[in-house]
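Colleague: the sequence and its predicted three-dimensional model are supplied below.
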Amino acid sequence: MNYIYGALLLHSAGKPVNEENVKKLITATGENADEAKVKALVAALEGVNIEEVISKAAMPVAAPIAASASPASSEKKEEKNEEEQEKKAESAAEGLSALFG
């Protein structure tokens, strides 16, 4: 992962992602650069538009919170969630007991 992060860091700094720059970056972290990994990374990124790949990457989106929920309904939901969590915990415990006898 350090090699990939290094390539992204070089790209964001506007530096070319080549073997020499990746080696410098990896050794600057205190790690010895593995020649095979560096060559494989540079070869894999050759011809890849990193900016385009980043823009197409899946980004997690937070779901909007419903502000109109009444306090009574939220209390009922909390009770149901607690009951569901207890049931899940019980079923997990049953599964573990089956493993250990």
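Modeller: Everything's here; your move.

Colleague: check contacts around the nearest residue to Ile26 once chain neighbours are set aside.
Modeller: With CB to CB, 6 or more residues apart in numbering as the criterion, Ile26 has its nearest non-adjacent residue at 4.1 Å, and that residue is Ala33. The C-beta positions use only the backbone N, C-alpha and C, and glycine is treated the same way. Ala33 sits next to 22-23, 26-27 when contact means CB atoms under 8 Å, 6 or more residues apart in numbering.

Colleague: mind doing that once more with 7 Å?
Modeller: For Ala33, the contacting residues are 23, 26-27, by CB atoms under 7 Å, 6 or more residues apart in numbering.

Colleague: where do the helices sit along this structure?
Modeller: Assigned by DSSP state H, the chain shows helices spanning 2-12, 19-28, 35-45, 50-56, 71-100.

Colleague: just the pLDDT for the residue nearest to Ala7 when sequence neighbours are not counted.
Modeller: Nearest non-adjacent residue to Ala7, counting by CB to CB, 6+ apart: Val17, 4.9 Å away. Val17 carries a pLDDT value of 93.

Colleague: buried sites along stretch 44-57?
Modeller: By neighbour count with 16 or more other CB atoms under 10 Å, stretch 44-57 contains the buried residues Leu45.
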